[in-house]
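In: Let me see the structure of the following:
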Amino acid sequence: MASPAQQLPPGWAAEWDQNAQRYLFIETATGRTQWEPPFPDPEAMIRAASVSPPPAQSHHHTKRRQYAPGQTQVYYGADTVAPPPGPAYGAVPAPAAQQPQLFTPGLAAGDGQFAQQQGAPQPGAAPYYGAPAQGEPEYINAPGFGQGPAYQPPGVNALADQFSQMNMGQKGLRLFTTNLLASPPEPLELHRPPPDIVLPPNSCLSNSPFANADSSYQRCTLNAIPTSNSLLQKSKIPLGLVITPYRSLKEGDEPVPLVTDTVIARCRRCRTYINPYVQFIDGGNRWRCCMCSMSNEVPQLFDWDQVRNQPGDRWARPELNYGAVEFVAPTEYMVRPPQPAVYVFLIDISHNAIQSGMVATATRTILENLDRIPNEDNRTKVAFIAFDTSLHFFSLPAGAAESSMLVVSDIDDVFLPKPTDLLVNLTESRPAIENLLSRLNDMFQDNHTIGSALGPALQAAFKLMAHIGGKIHVLSASLPSVGAGALKNREDPKVLGTSKESGLLQPASPFYKTFAIECSRAQVSVDMFLFSSGYQDVATLACLPRYTAGQTYFYPAFNASRTEDAIKFAHEFGEVLAMPIMLEAVIRVRASKNLRMSAFHGNFFVRSTDLLAMPAVPQDLSYAIEIQIEDNITAPFVVLQTAVLHTTCYGERRIRVVTTALPTTNNLSDVFASADQVAIATLLANKAVERSLTHQLEDARDAVFNKMVEILSAYKASMTAAGAGASAQLAISENLKMLPVLLLGLLKNVGIRQSAQIPPDLRAYAQCLLTTLPSQMLIPYIYPNFYSLHNMPPECGTVGEHGVIMPQPLPLTSERLERHGLFLIEDGQTIFLWVGRDAVPQLIMDVFNLPNYEVLRGGKTTLPVLDNPFSQRVNAVIQKTREMRRGVYWPHLYVVKEDGEPPLRLWALSCLIQDRADVLPSYQQFISQLRDKVNGSSY
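Out: Reported below is the predicted structural model:
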């Protein structure tokens, strides 16, 4: 069969993408890529659509199994698409006349708009899986005969229709309009990079592809900045910056280049760091700032190679070639010498904490990870304080093998019982620390005290470390009940779902915010690990991490006797302990003339108008910043630069500088064509959470919906023939077509969803995630991934060139669930394995090692790794799901039976956001509501 490369027009190349499992088409002259085949005629497109992928390498399946709903034979016509090579665990399709039995309200539009997305068979459609090879066994579930057919890809006619609607792209910011009513969401769109940044010629000193920072460090909602505020207002798109300056490095990621010679060139006027977008003038002796145009002298040692002690090559310097770079800071960047890393552990030892197994799991995890705590220079200090209604300090003298306990019962006026040996060097006191951790749980095994003096324990930890700064890890399993910061249970089911609910999401006590600001001044950061089986007031306790740049982790109904709970907490806590944090950090974002940072979202304290104070910067925390255009911009491009001054946990003062240059435009079509839907959704998630706290949840939901209406109305008025009149279409630019479904996912997220059943703790924790997760993790959190496992192609779950090959994601609708199938739904925090009620016994045996569906139990579980290829592939997909994103999270795995426990089923189904649920609309209804609103002024 011909490959696409033989059918492409001149100047194009095709490359097989293992992750997306489809061809990527590359325009060789410009390097621009697109998924759509660049064909001039539909016939050639149809031929390309039928091309098989290159055969997967190095995996041979000797045995073929089909988990089918009851059909045993498939016939191929002469004009059908050939099946993919290799065996598949797939259901054999039924004759194309049958309709799927599952039905989603709101999606039966009657005009076939969504038929293709929902997997309804097309006339003449080709079946996807071939008949079994001679002599191979087939596993059939006969009683299920006659139910809905397996998923079939669209037939040739449907492909022709698809391609006829496609716009073939060209270089530059060409605007393509799509009709949302006729183009259902395509999950693969979210894996595409942001729109190209097309800078004017000669704007950059370097030809380096890294001159603009990678979008995972910094991405703007618009990749072409409007020259005036009126143009920005006309587009209605919010202008903002999403930054993750301290992004972790996965395998294959380029590390941030380090400049070690302490020669740091900065603008005298605006203090911008030299970057690839400045200009050298005066024979290279001076440089002109790209932000304020000030002329500055080039430092004397800028062209000197200090390592070899000889003249160096200026053009090879990292700061002139890389958008993200790190400098070793000279002494003038230090208020005091770099301090050692300090970790103080506050461990709740009340009856609930001991009985749930939290204390035993936590102490074991700390003990196992002592070698992973950053301590290269042997300066790291640690302390342990246990608390119930009293405070228990531990003296850990250097060199001693034993620790001694000192109890302070006066919690109204907290004092340290001993001036030394409470905060100790990790290396010198290692024997005493190990001894304490191995005994701590047993020491309080019979503790029946109920109550928590968390506030006084925090004050004690602060007294212990305020002169240095560092990190407090709080492990709490009950509501603080005595001393400063005591809280009352304010959970009231009658308030849920009403206008008063947002009150439950605001802090109940001013103590925590006031204490957090004190901590921030003293360079102390707080991480909260919360485990309560009852109400714990996450909304109030999350204040501490919010203002001290920490993170909140929540384990509702934690019980270590369930190994899954213990594994999840131990993994996440261990990763947090091992994380190489930045200490004593301040962040400032600078921008070109006439751009101003107007609002900040995330975990930090705004010290002056634009200086963000962060006692510690954890890896993979995201921050969103709104930008205002103050006056008309005349420059051909603008520069946004984030600078993070910090101390590494190894005692070195450094500055991380992340620079992004963006072109300016006075053309509205360029503004729409350059919009980054992922960055917009991230910014709007942050704004929605803030609005739910300052106003009400209802206001937050309305603001998100109205912003989508505004963008669609602006696009219709300016970019379509309908103008201000009514239109049967709902037009948006191709690069924004996933924004409506992302915002629908946000509206259905636990953080702001309309519901009277969501406990305040779960809602508050979801809001913490919405405001801290980087885009790579936030997008699956609001638009989960949905895979079909029982019929995934044979290479899925095996190791390819870029790790484990994943199946193609499906649209988030229950129409795609099959009664004989096995499906995976995951949002980065939880993984659901959905098992259809007609799953054949062989499938249950292969995956769960159980004889049939009836004996399978739903709920939290660990999947066995069995000695068969399918089990190993399913486990590989789950493992890749847990590891493929940045961050410490270890999602729980739940088995969900189609006819299992209703709460678990509803929770899993709530991830399928394109379906209707409770009072929340389906995607089809949501789009109709948007269209009615957009046309509202015209009817």
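
In: where do the strands sit along the stretch 801-939 of the chain?
Out: Under the criterion DSSP state E, counting those that start in this stretch, strands of the stretch 801-939 of the chain are mapped to 803-804, 822-826, 830-835, 859-860, 892-897.

In: now those in a markdown table, with mean neighbour count and mean pLDDT?
Out: From N, CA and C alone the C-beta is placed, and that goes for glycine too. Conversion of the strands of the stretch 801-939 of the chain to a markdown table gives the following (neighbours: other Cβ atoms under 10 Å; pLDDT from 0 to 100):
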| stretch | mean neighbour count | mean pLDDT |
| --- | --- | --- |
| strand 803-804 | 18 | 88 |
| strand 822-826 | 23 | 93 |
| strand 830-835 | 23 | 94 |
| strand 859-860 | 15 | 90 |
| strand 892-897 | 20 | 93 |
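
In: May I have the residues that are in contact with residue 845?
Out: Residues near residue 845 by Cβ atoms under 8 Å, 6 or more residues apart in numbering: residue 851.

In: do you know which of the strands of the stretch 801-939 of the chain lies nearest residue 569?
Out: For those, proximity to residue 569 was assessed by Cβ to Cβ; strand 892-897 is nearest, at 10.7 Å.

In: What is the closest one packed up against?
Out: Contacts of strand 892-897 with other secondary structure elements, assessed using 3 or more Cβ pairs under 8 Å, 6 or more residues apart in numbering; DSSP states H and E, are made with helix 563-578, strand 830-835, strand 859-860, helix 902-909.

In: Show me the helices in the stretch 201-350 of the chain, by range?
Out: Along the stretch 201-350 of the chain, the stretches classed as helices by DSSP state H, counting those that start in this stretch are 229-235.

In: and what of the stretch 751-900 of the chain?
Out: For the stretch 751-900 of the chain, the helices defined by DSSP H, counting those that start in this stretch occupy 760-772, 775-782, 841-848, 869-883.

In: picking that back up, among the helices and strands packed on strand 892-897, which is the most enclosed?
Out: Of all those, strand 830-835 carries the top mean neighbour count, a mean of 23, counting by mean count of other Cβ atoms under 10 Å.

In: returning to that earlier point: which of the helices of the stretch 751-900 of the chain sits closest to residue 537?
Out: Of all the helices of the stretch 751-900 of the chain, the one in closest proximity to residue 537, counting by Cβ to Cβ, is helix 760-772 (7.3 Å).

In: Report the angle between that closest one and helix 775-782.
Out: For helix 760-772 against helix 775-782, the angle by axes from the mean of the first three to the mean of the last three Cα atoms, to 10 degrees is 140 degrees.

In: re the thing from before, in a markdown table, list the helices and strands packed on strand 892-897 along with distance to residue 696.
Out: Rendered in a markdown table, the data for the helices and strands packed on strand 892-897 read as follows (distance: least, Cβ to Cβ, whole Å):
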| stretch | distance to residue 696 |
| --- | --- |
| helix 563-578 | 32 |
| strand 830-835 | 27 |
| strand 859-860 | 34 |
| helix 902-909 | 25 |
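
In: so where is the stretch 151-300 of the chain shaky, pLDDT-wise?
Out: Low-confidence regions of the stretch 151-300 of the chain, defined by pLDDT under 70, span residues 151-172.

In: One more: the chain?
Out: 1-7, 18-21, 29, 31, 39-172, 722-726, 937-939.

In: Domain-wise, how is it divided?
Out: Here the domain parsing of the chain from the TED database is 4-36, 179-261+323-335+581-780+926-938, 342-490+503-580, 784-912.

In: can I get the strands of the stretch 801-939 of the chain in CSV with distance to residue 9?
Out: CSV is the format used below for the strands of the stretch 801-939 of the chain (distance: least, Cβ to Cβ, whole Å):
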stretch, distance to residue 9
strand 803-804, 33
strand 822-826, 39
strand 830-835, 43
strand 859-860, 53
strand 892-897, 47
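
In: wait, doesn't residue 885 sit right on residue 828?
Out: Yes - Residue 885 sits in contact with residue 828 when judged by Cβ atoms under 8 Å, with a separation of 6.2 Å.

In: neighbour count winner among those two?
Out: A direct count of neighbours by other Cβ atoms under 10 Å for residue 885 and residue 828 places residue 828 higher, at 23 against 18.

In: Now residue 597: phi and psi?
Out: The phi and psi torsions at residue 597 (degrees, to the nearest 10) take the values phi -80, psi 120.

In: what's the neighbour count on it?
Out: Neighbouring residues of residue 597 were enumerated by other Cβ under 10 Å; the total is 19.

In: from memory it sits against residue 623, does it?
Out: No - at 11.0 Å, residue 597 and residue 623 do not qualify as touching, with contact defined as Cβ under 8 Å.

In: In contact with the nearest residue to residue 553 once chain neighbours are set aside, which residues?
Out: By the measure of Cβ to Cβ, 6 or more residues apart in numbering, the closest residue to residue 553 outside its immediate chain neighbours is residue 529, 4.9 Å from it. Contacts of residue 529 were listed using Cβ under 8 Å, 6+ apart, and they are 362, 473, 474, 475, 476, 553, 555, 569, 573.

In: Where do the strands of the stretch 651-800 of the chain begin and end?
Out: According to DSSP E, counting those that start in this stretch, the strands that the stretch 651-800 of the chain contains are 653-665, 731-733, 785-788, 799-800.

In: measure the most centrally placed residue in the chain to residue 769 for me?
Out: If you average the C-alpha coordinates of the chain and look for the closest C-alpha using Cα atoms, centre = their mean, you land on residue 777, 0.9 Å from that point. The spacing between residue 777 and residue 769, counted by Cβ to Cβ, to the nearest Å, is 8 Å.

In: repeat for residue 219
Out: 19 Å.

In: Could you do residue 861 as well?
Out: Separation of residue 861 from residue 769 (Cβ to Cβ): 23 Å.

In: what about those two, which has more around it?
Out: Shown here are residue 861 and residue 769; by other Cβ under 10 Å, residue 769 has more neighbours (24 against 17).

In: In this model residue 827 seems to touch that one, though I could be wrong.
Out: No - counting by Cβ under 8 Å, no contact exists between residue 769 and residue 827, whose distance comes to 9.9 Å.

In: list residues touching both of residue 885 and residue 828?
Out: Common contacts of residue 885 and residue 828, defined by Cβ under 8 Å, 6+ apart, comprise 777, 780.

In: Which residues are in contact with residue 559?
Out: Listed by Cβ under 8 Å, 6+ apart, the contact partners of residue 559 are 356, 357, 533, 565.

In: quick one: which of the residues you listed has the most company?
Out: residue 356 (23 neighbours).

In: want to try JSON lines for the strands of the stretch 651-800 of the chain, with distance to residue 707 and mean neighbour count as columns?
Out: Converted to JSON lines, the strands of the stretch 651-800 of the chain look like this (distance: least, Cβ to Cβ, whole Å; neighbours: other Cβ atoms under 10 Å):
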{"stretch": "strand 653-665", "distance to residue 707": "22", "mean neighbour count": "23"}
{"stretch": "strand 731-733", "distance to residue 707": "13", "mean neighbour count": "23"}
{"stretch": "strand 785-788", "distance to residue 707": "25", "mean neighbour count": "23"}
{"stretch": "strand 799-800", "distance to residue 707": "40", "mean neighbour count": "15"}
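
In: Quick check: which of these is nearest to residue 835?
Out: Closest approach to residue 835 among the strands of the stretch 651-800 of the chain (Cβ to Cβ): strand 785-788, 12.4 Å.

In: Adjacent strands (with direction) for the closest one?
Out: In the sheet, strand 785-788 lines up against strand 822-826 (antiparallel) (DSSP bridges).

In: Determine how far the partner strand lies from the middle of the whole chain.
Out: Relative to the mean C-alpha coordinate of its chain, strand 822-826 is positioned 18 Å out (Cα atoms, centre = their mean, to the nearest Å).

In: With stretch 662-680 instead?
Out: When C-alpha coordinates are averaged (Cα atoms, centre = their mean), stretch 662-680 and its chain have centres 23 Å apart.

In: would JSON lines of the domains of the chain with distance to residue 310 be doable?
Out: Compiled in JSON lines, the domains of the chain are given as follows (distance: least, Cβ to Cβ, whole Å):
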{"stretch": "domain 4-36", "distance to residue 310": "37"}
{"stretch": "domain 179-261+323-335+581-780+926-938", "distance to residue 310": "13"}
{"stretch": "domain 342-490+503-580", "distance to residue 310": "31"}
{"stretch": "domain 784-912", "distance to residue 310": "40"}
